[in-house]
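after the sequence you'll find the predicted model.
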Amino acid sequence: MTQDKCIIILSERSSGSSALQNYLVKFAGAQHANTRRHFEYETLYWTKAASILGLPQIKMVDSRVPFRPEEARQDLLVLLAENVPDFQPPADDYEWIMQGWRQLCRRYAPLFVEKSPHHLCEWSALDLIFQAQEKLEDVDFLIIGLVRNPIDTIYSHFERWKSIPALVEKQWIVSYQNLLRFRDLLPEKTIIMRYEDMVSQPKVMEPILGFCGISANEAAPTFFHARSVQKWKKDRWFGFTLSQECRELAIYYGYQEEELQSQRKFWAPVYHRLMHTAYLLARKVHPLKVDQNPT
């Protein structure tokens, strides 16, 4: 039986998932869903599914996730109506969520790609992905867990949305503990890749390209760049230091102690909160001039 394929990219925000998705679309023949609801072609399919089914989720940092069940249901039904208009959702919520994913994979065959930095910290969403790959036998799943140095990730959050670093760090820990737990559930379908390796070592893409059915010679090895690596070192005001728990988890993922070291500033927590408050006020006053957090 010929299987449709789907790739789901799991990461924290500001970890390179948009670049990886764009690479797969440009060089591997992947397609993403059309959506007007969120930026970067994100559907937030599985976190919205978790909301519809009343499953527990945590409040994400500077995000609307988790959504209210009624809003999530409306969003996914509109998404499916716009992308697979012939699909008639069954009455049972669980069934139409699962069959809706199958229809998206069929619509964007042979390779559907979904990236979302909103799934990894929500175990309920990950569990639904696991259930989908078991239930949808005619869809071949590949899960890519994309990891980035936590201090780079935290700084990118702060640079774009002035998110409070200590809160982003806690979310990073939850997300990448979840990734290890998910990998243990589905080791043969899960690839864990570091952002830093993706942008500097083309060879790490070979298992993914193999799943896509193309050789490394057919993909551009210079598509990615490393300009965003350790930008925080140039910001004398940032002053955030990782916790021991976060450093230990990052080291497990292959980061070196020296890559995780930053100089602590005693006044940094106050500075972070002031910048976050100023950002929120600016977004209210000039919403079109501020980098909006889409969800």
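Perfect, I can see it now.

number of residues surrounding residue 40?
14 (other Cβ atoms under 10 Å). Every C-beta, even on glycine, is put in place using the N, C-alpha and C of the backbone.

confidence score at it?
The model reports residue 40 with a pLDDT of 85.

tell me where the stretch 1-150 of the chain has strands.
Using DSSP state E, counting those that start in this stretch, the strands of the stretch 1-150 of the chain run over residues 4-11, 111-116, 139-147.

what would those strands look like in TSV with mean neighbour count, distance to residue 231 and mean pLDDT?
Output for the strands of the stretch 1-150 of the chain, formatted as TSV (neighbours: other Cβ atoms under 10 Å; distance: least, Cβ to Cβ, whole Å; pLDDT from 0 to 100):
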stretch	mean neighbour count	distance to residue 231	mean pLDDT
strand 4-11	24	18	98
strand 111-116	24	22	96
strand 139-147	22	17	98
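
between these, which gets nearest to residue 164?
Closest to residue 164 of those is strand 4-11 (Cβ to Cβ; 19.9 Å).

let's see the closest one as CSV, backbone CA atoms only.
Provided in CSV are the C-alpha atoms of strand 4-11 (Å, rounded to 0.1, in the frame of the first residue of the first chain):
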residue,chain,number,x,y,z
ASP,A,4,1.3,9.5,2.0
LYS,A,5,4.1,11.1,4.1
CYS,A,6,4.1,13.8,6.7
ILE,A,7,6.8,15.6,8.6
ILE,A,8,6.1,17.3,11.8
ILE,A,9,8.7,19.7,13.1
LEU,A,10,8.7,20.1,16.9
SER,A,11,10.6,22.9,18.5
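
within the sheet, what are the partner strands of it, with directions?
Strand pairing for strand 4-11, determined by DSSP bridges: strand 111-116 (parallel), strand 139-147 (parallel).

what lies in contact with the next helix or strand after the longest one?
Beyond strand 139-147 on the C-terminal side, the first helix or strand identified by DSSP states H and E is helix 150-161. Contacts made with helix 150-161 from outside it, assessed by Cβ atoms under 8 Å, 6 or more residues apart in numbering, are listed as 12-15, 61-62, 163-165, 168-169, 172, 195, 228-232, 235, 238, 240, 242, 246, 249-250, 260, 262, 272, 275, 279, 291, 293.

what lies in contact with the following helix or strand past helix 150-161?
Proceeding N to C from helix 150-161, the next assigned helix or strand is helix 165-185, under DSSP H and E. Contact partners of helix 165-185, identified using Cβ under 8 Å, 6+ apart, comprise 10-12, 58, 60-61, 120-121, 123, 126, 129-130, 143, 145, 147, 150, 153-155, 157-158, 190, 192, 238, 240, 242-243, 245-246, 249, 252-253, 268-269, 272.

list the buried residues for helix 165-185?
165, 167-179, 182 (16 or more other Cβ atoms under 10 Å).

coming back round to it: what about burial for the contacts of helix 165-185, which qualify?
Buried members of the contacts of helix 165-185, scored by 16+ other Cβ under 10 Å, are 10-12, 60-61, 120-121, 123, 126, 129-130, 143, 145, 147, 150, 153-155, 157-158, 190, 192, 238, 240, 242, 246, 249, 253, 268, 272.

got any ranges where this structure has weak pLDDT?
Along the chain, segments meeting pLDDT under 70 span 1-2, 217-222, 225-229, 287-294.

which residue, other than its chain neighbours, is closest to residue 62?
Once flanking residues are discounted, residue 62 sits nearest to residue 163: 4.9 Å by Cβ to Cβ, 6 or more residues apart in numbering.

look up how far residue 187 lies from that neighbour.
Going from residue 163 to residue 187 by Cβ to Cβ, to the nearest Å gives 32 Å.

more crowded one of the two?
Per other Cβ under 10 Å, whichever of residue 163 and residue 187 has more neighbours is residue 163, with 24 against 9.

could you pull up phi and psi at the more buried one?
Phi and psi for residue 163, reported as degrees, to the nearest 10, are phi -60, psi 140.

residue contacts, it?
Shown in contact with residue 163 (Cβ under 8 Å, 6+ apart): 61-62, 154, 157, 276.
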